[in-house]
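[1] missing the sequence, but the structure's below:
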């Protein structure tokens, strides 16, 4: 019973995280950290130690994202005649094509490293695709932290492969959750495009 409550709570926290991050709300990182902690507990209980380590990374990335956004919002305070105008607008950035290509190369290199490790573990299923999603997911998390506009497109690709992996392993519930993440990623991308246009106006 407790495990079921924890799993559904983690799914709920993940959904709140995506919604808040898509709206540039710093509180989203808190729900992301909570979801990762709950999922890490579930993975450890199930003996999925590699997945548990990935969740631990997400916890660290969540703290990084929170403090990175908090620092920028504090630095964006504007002095006025009446005191301080607490303008906490967090700017969205857009990378050049070259930076994206270098980033993809880094993701591919990390995925290759993960594959070399995972492929040596007995019983690994779809190690190449599994390594792809893990390597890219780790680095794309930092794209969210620095608010790169197109991070959502990377998530659409990662999630598509993840859905296939879950279905292939008979993990339909997690596949449906990831389909929900796809919808949220599309929503997030649309929101960030509008916000990016507004900050450029």
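    Yep, that arrived. All of these numbers come straight from a predicted model, not from anything done at the bench.

[2] what pLDDT does residue 57 get?
    We note a pLDDT of 87 for residue 57 in this prediction.

[3] what's the helix or strand for it?
    helix 49-75 (DSSP states H and E).

[4] in that helix, what counts as buried?
    Neighbour counts over helix 49-75 (16 or more other CB atoms under 10 Å) mark 51-52, 54-55, 58-59, 61-62, 65-66, 68-69, 72-73 as buried. Using the backbone N, CA and C atoms, a C-beta is placed for each residue, glycine as well.

[5] for residue 2, give its distance to residue 11.
    Using CB to CB, to the nearest Å, one gets 15 Å for the distance from residue 2 to residue 11.

[6] so which of these two has more stuff around it?
    Between residue 2 and residue 11, residue 11 has the larger neighbour count (other CB atoms under 10 Å), namely 18 against 8.

[7] quick one, what contacts the more buried one?
    35, 177 (CB atoms under 8 Å, 6 or more residues apart in numbering).

[8] recalculate using a threshold of 7 Å.
    Listed by CB atoms under 7 Å, 6 or more residues apart in numbering, the contact partners of residue 11 are residue 177.

[9] centre of the chain to the helix or strand harbouring it, how far?
    Assigned by DSSP H and E, residue 11 falls within helix 2-22. Using CA atoms, centre = their mean, to the nearest Å, the mean C-alpha position of helix 2-22 is found 13 Å from that of the whole chain.

[10] relative to helix 49-75, how tilted is the helix or strand following that helix?
    For helix 2-22, the following helix or strand on the C-terminal side (DSSP H and E) is helix 28-46. Interaxial angle, helix 28-46 versus helix 49-75 (axes from the mean of the first three to the mean of the last three CA atoms, to 10 degrees): 170 degrees.
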